[in-house]
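# Here's a sequence, model it:
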Amino acid sequence: MKKLLLVDDDQKLIELLSLYLINEGFFIYSAVNVHSALALIKQDRPDLIITDIMMKQLDGYDFIKLLKLDNLLIDIPVVFLTAKGMTYDRIKGYNLGCHAYLTKPFNPKELLAIVNNIFNHLSLLNINSHSYFAKKSIDSQFIDLLTYREQVILDLIIQGYMNKEIAINLNTSLRNVEKYVSRLLGKTKVRNRTELVKLVLE
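Residues are numbered from 1 along each chain as shown. Just a heads-up that it's a prediction; the model follows:
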């Protein structure tokens, strides 16, 4: 059962949305602000986060920035569910690395479709990544050193994708992809992408 964390200071919305998503087969827990959400995440890591943007003290933008700074949390998909519907707001959300942006008022069926689509996409990436590694018979000890997200990005690098293309493919920011590529280079002790691909394929 997938775990979803709802973060919104509108308690009534949380109650209604929780009931709907529970009926759709998800485990739901919630927080009314970013501080509470971060405390919950440390106790029990969610599979996906649905968060408002306009909240007191730290807002949704601050929240996603904090998640992206933590290597253990950087790959949690984030969906913004907010009344901020201007194009500028959407662009800012996507540039920060959100997976989807839905404006209030919204149809819960559309939110459900977005959530299911994200999980289906991640499952497909996982299958493709592991099947590629299996075909290439890469040392399992090396793969064990990599996080799931690093494996996915390594797979795309091997396929010839550039950082910008990987960012678009994974619906994340270019900066996040660059961080992952740097970590891959560090773990494999190579100097560039070419050496990385050569090492993996050999």
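# and the helix or strand residue 110 falls within, what's its mean pLDDT?
If you go by DSSP states H and E, residue 110 is part of helix 108-136. Computed over helix 108-136, the mean pLDDT rounds to 72.
# Also stretch 152-164?
83.
# Where in the chain is the helix or strand with the lowest mean pLDDT?
helix 140-144 (a mean of 58; mean pLDDT, DSSP states H and E).
# need the next SSE after that helix, C-terminal direction.
Taking DSSP H and E, what comes next after helix 140-144 is helix 148-158.
# Give me the helices and strands touching whichever helix or strand comes after that next one, please.
Once the chain leaves helix 148-158, the next helix or strand it forms, by DSSP H and E, is helix 163-170. On a contact count with 3 or more CB pairs under 8 Å, 6 or more residues apart in numbering; DSSP states H and E, helix 163-170 meets helix 148-158, helix 174-188. In short, each C-beta sits where N, CA and C put it, glycine included.
# And the closest residue to residue 108 other than its chain neighbours, which helix or strand is it part of?
Closest residue in space to residue 108, ignoring its immediate chain neighbours: residue 20 at 5.0 Å, by CB to CB, 6 or more residues apart in numbering. Assigned by DSSP H and E, residue 20 belongs to helix 11-23.
# packing partners for that helix?
Using 3+ CB pairs under 8 Å, 6+ apart: helix 11-23 touches strand 3-7, strand 27-31, helix 108-136.
# For the most centrally placed residue in the chain, give me its contacts.
Compute the mean C-alpha point of the chain, and by CA atoms, centre = their mean the closest residue is residue 77, 2.8 Å away. By CB atoms under 8 Å, 6 or more residues apart in numbering, the contact list for residue 77 reads 47-49, 99, 118, 122.
# Distance to residue 187 added to those residues, as CSV?
Below are the contacts of residue 77 laid out as CSV (distance: CB to CB, whole Å):
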residue, distance to residue 187
47, 25
48, 27
49, 27
99, 25
118, 27
122, 22
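# Could you identify the most distant pair in those?
49 and 122 (13.7 Å; CB to CB).
# Have a look at these two and say which one is more surrounded.
residue 49 (25 against 19; other CB atoms under 10 Å).
# a strand runs through the more buried one, doesn't it?
Yes. Residue 49 sits within a strand when classified using DSSP: H, G, I helix; E, B strand; the rest coil.
# I figured it hits residue 4, correct?
Yes. With contact defined as CB atoms under 8 Å, residue 49 counts as touching residue 4 (7.4 Å).
# Torsion angles phi and psi at the nearest residue to residue 66 once chain neighbours are set aside?
Excluding its sequence neighbours, the residue lying closest to residue 66 (CB to CB, 6+ apart) is residue 38, at 6.7 Å. Residue 38 has phi and psi values of phi -60, psi -40 when expressed as degrees, to the nearest 10.
# Tell me, how many residues neighbour residue 38?
Neighbours around residue 38, by other CB under 10 Å: 17.
# what's the answer for the one 10 residues further on, then?
When neighbours are counted by other CB under 10 Å, residue 48 registers 20.
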